[in-house]
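1. After the sequence you'll find the predicted model.
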Amino acid sequence: MKLQIEPIGNAYSEQAIDLILTIQQQEFNIPITVDDQPDLKQIESFYHEAGGNFWGAFIEGELVGSIALVKFDEKAGAIRKMFVKKEFRGKELNIAQILLEILIAFCRENKIDDIYLGTISVLKAAQRFYERNDFVKIKKENLPERFPLMSADDIFYHIHID
């Protein structure tokens, strides 16, 4: 199984929606719909044009993971859409780690020093993953004013990169 990670655009909207909604709704019973996430239908205008990016992880042509960066300030971005299909998770393929490292490298290249993210309390493995990667939990009221809040998120993290 060969893993390929590349930036994706609107041509992959349907695959991204399928990947992400399946995990959100069926695996974690999060009451969120595609209408709550209009960014998935406009990847290019929402992520790319503002100076962020959206990456897909592919195995044999199948989209099995994603991560995105919303640039919301000159030197700040928010991680969004960090998902890996259940059967492709874990240390063996290390997809989540590779996706995160690609996003951080992109931030360094583009002089984005502060990365924030929101997640949901039921996503325990996600919280452990971010904490292992030196993200620090912060209170909602300590988020930057322009942080793009998602209604479902109730736990927030920050990391400063050099």
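-> Great, that's in hand.
2. Tally up the residues packed near Met1, please.
-> 8 (other CB atoms under 10 Å). For glycine as for every other residue, the C-beta is placed from the backbone atoms N, C-alpha and C.
3. Need the pLDDT of it.
-> Looking at Met1, its pLDDT stands at 80.
4. Look up how far Ile59 lies from it.
-> Per CB to CB, to the nearest Å, Met1 is found 5 Å from Ile59.
5. Find the residues that touch each one of the two.
-> Leu93 (CB atoms under 8 Å, 6 or more residues apart in numbering).
6. which other residues reach stretch 25-38?
-> 17, 20-21, 24, 40-41, 46, 86, 120, 122-123, 151-152.
7. partners of whichever strand or helix holds Phe72, with directions?
-> Assigned by DSSP states H and E, Phe72 belongs to strand 62-73. Strand 62-73 pairs in its sheet with strand 53-59 (antiparallel), strand 76-84 (antiparallel), by DSSP bridges.
8. picking up where we left off before, can you pick the most crowded of the contacts of stretch 25-38?
-> In the contacts of stretch 25-38, the most neighbours by other CB under 10 Å go to Leu40, 24 neighbours.
9. any idea how far the residue found closest to it once you drop the neighbours it is linked to in the chain lies from Arg80?
-> Nearest residue to Leu40, sequence neighbours excluded (CB to CB, 6 or more residues apart in numbering): Ile17, at 5.1 Å. Remark: distance between Ile17 and Arg80 (CB to CB) = 14 Å.
10. Cool, thanks, signing off.
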